[in-house]
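Trainee: need a structure here:
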Amino acid sequence: MFSDKPVLVGSRVTLRPVGPEHAEGLFELVSDAEVRRLTGSHGEIDLEAARRWCATRGDHDDRLDLAIMAGDSYVGEVVLNELDPANRSCNLRIALLGSRVFGKGYGTEAIELVLGHAFTRTPLHRVSLWVHTFNERARHVYKKAGFVEEGVLRDALHWDGAWHDSVIMSVLRPEWLAGSRSLQ
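Mentor: Numbers count the residues shown, from 1 in each chain. This next block holds a predicted model:
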C-alpha cells in the first residue's frame, strides 16, 4: 500500500522519504532525553544502527517513513506503520528533534500532510495512534488534526519509577474529509 514514497510539500516543512542522509538526524532525535520521555522510548540505538535503519526504509511497502525537513534541516520524522490492509487502517507515529524545534508548527503541518496523503492517495479508512497523558502538547495537536480520543490504556508506560496512562486516538477518512483538511 505504501510502495509510493512521496515527497509532500507544505509551507513550513517538506516530508521526504527517509534515507541514509537522515541517519544523523534520527540518531540525535532518539538520543534526546525529552523526546525519549515524550515518546516513552526505553530502547537506545547507536549511530551505526540508525544508518542501517534509515538505509532500509524505502524497502518496505507496508509502512511510510518520512523525514520532516525545515529547509535543509532534519527536524523529525512522521511514520505510517502497523498497516492492516484488510481493515484499511494503520498507526501514525511522529517525533520531533527536541525542544529547539517544538512550538514552530512543524509537527502540526507534518501530520496534516501525511493524513492528506493517506486519505486522498491510499485506500486507508482509519489512522490511529496513542499518546501518553502527560504529553498535552501532542494531544492538542492531534485533536486539531481531527483525531478523536477513543479510550485509555491504563498504566501503559513505566517511566522514572511512575506509571502513566496512554490515550488511544484515531481519525477516520469520512471525518477527515468532512473537516475540509484535504491538501489537494
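
Trainee: in this structure, which spans are strands?
Mentor: Counting by DSSP state E, the chain has strands at residues 8-9, 14-17, 64-70, 73-84, 89-96, 126-132, 148-159, 162-172.

Trainee: Contacts for the shortest one next, please.
Mentor: Think strand 8-9. 14-15, 66, 113-114, 116-117, 183 (CB atoms under 8 Å, 6 or more residues apart in numbering). C-betas here are computed from N, CA, C, even on glycine.

Trainee: and that strand, which strands flank it?
Mentor: Using DSSP bridges, the strands paired with strand 8-9 are strand 14-17 (antiparallel).

Trainee: Tell me how far the strand it pairs with lies from the chain's centre.
Mentor: Its chain's average C-alpha position is 12 Å from that of strand 14-17, according to CA atoms, centre = their mean, to the nearest Å.

Trainee: quick one: pLDDT of the closest residue in space to Leu124 that isn't next to it in sequence?
Mentor: Nearest non-adjacent residue to Leu124, counting by CB to CB, 6 or more residues apart in numbering: Ala118, 4.7 Å away. Among the per-residue scores, Ala118 holds a pLDDT of 97.

Trainee: Quick one: list the elements packing against the biggest helix by length in the chain.
Mentor: When the chain is parsed with DSSP state H, its longest helix is helix 106-121. Counting contacts by 3 or more CB pairs under 8 Å, 6 or more residues apart in numbering; DSSP states H and E, helix 106-121 packs against strand 8-9, strand 14-17, strand 64-70, strand 73-84, strand 89-96, strand 126-132, helix 136-144, helix 173-178.

Trainee: hey, which of these is tucked in deepest?
Mentor: strand 64-70 (a mean of 25; mean count of other CB atoms under 10 Å).

Trainee: What lies in contact with it?
Mentor: 2, 5, 8, 12-19, 22, 25, 57, 74-81, 94, 96, 101, 104, 106-107, 110, 114, 117.

Trainee: Extract the C-alpha trace of it and format it as CSV.
Mentor: Below are the C-alpha coordinates for strand 64-70, written out as CSV (Å, rounded to 0.1, in the frame of the first residue of the first chain):
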residue,chain,number,x,y,z
LEU,A,64,5.8,5.0,5.1
ASP,A,65,8.7,6.6,6.9
LEU,A,66,9.1,10.3,6.1
ALA,A,67,11.8,12.7,7.3
ILE,A,68,10.4,16.1,8.4
MET,A,69,12.6,18.8,6.8
ALA,A,70,12.5,22.5,7.5
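
Trainee: what residue is smack in the middle of this structure?
Mentor: The chain has Ile94 as the residue nearest its centroid, 2.3 Å off, counting by CA atoms, centre = their mean.

Trainee: Show me which residues of the lowest-mean-pLDDT helix or strand in the chain are buried.
Mentor: Ranked by mean pLDDT, DSSP states H and E, the weakest helix or strand in the chain is helix 33-39, scoring a mean of 86. Using 16 or more other CB atoms under 10 Å as the test for burial, helix 33-39 gives 35-39.
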